[in-house]
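Visitor: fold the following for me, if possible:
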Amino acid sequence: MPLRIVRLGTPRAAGEGTRIGTVRRPPRGVPKAEFASRDYYDVWYPLLSPSADLMAQGQQVPTGQEGDKAWDAFAKQFRKELAQPEASRTLDLLAALSHHSAMSLGCYCEDEARCHRSVLRAELAQRGADICP
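Guide: Now for the predicted structure:
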């Protein structure tokens, strides 16, 4: 039952399991009672999202090659945030659970390559998580 990394708000895959929203803010204009039924998330877990200041920095990274250096700086800083004890222990737990439980982590961003979930994918892989390609 590998862990899936998904875009929140997209249709769920068969057997996806519990969807965890690793975002700073809930979806705008969506009643809380409809988060799961509209395929956003079952559980909101902002601890695994970048800090508000870092998120603002990440959203300003330009696309294409000109943004590569800025993206690398964002990813490096986010890794520092994920190295904090509470976030690090959460990643260890999710990596272990990925071998026994169906679940998914997600964010709203369209392009995973320029989204914090790409950093989450790498961090979870380093911890031995079973991740869907």
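Visitor: now do the buried residues in the longest helix anywhere in the chain.
Guide: For the chain, the helix with the greatest residue count under DSSP state H is helix 68-82. Neighbour-count burial for helix 68-82, with 16 or more other Cβ atoms under 10 Å as criterion, is recorded at W71, F74, A75, Q77, F78, E81, L82. Heads up, the C-betas are built off the backbone N, CA and C, glycines and all.
Visitor: repeat for stretch 124-133
Guide: So for stretch 124-133, counting by 16+ other Cβ under 10 Å, buried means L124, A129, I131.
Visitor: hmm, back to that, now do the helix or strand following the longest helix of the chain and helix 68-82, the angle between them.
Guide: Under the assignment DSSP states H and E, the closest C-terminal helix or strand after helix 68-82 is helix 85-97. On the basis of axes from the mean of the first three to the mean of the last three Cα atoms, to 10 degrees, helix 85-97 is oriented at 90 degrees to helix 68-82.
Visitor: and the contacts of helix 85-97?
Guide: Residues from elsewhere that reach helix 85-97, judged by Cβ atoms under 8 Å, 6 or more residues apart in numbering: 3, 45, 47-48, 81-82, 103, 105, 120, 123-124, 127-129.
Visitor: now with 6 Å, please.
Guide: L47, E123, L124, R127, G128, A129 (Cβ atoms under 6 Å, 6 or more residues apart in numbering).
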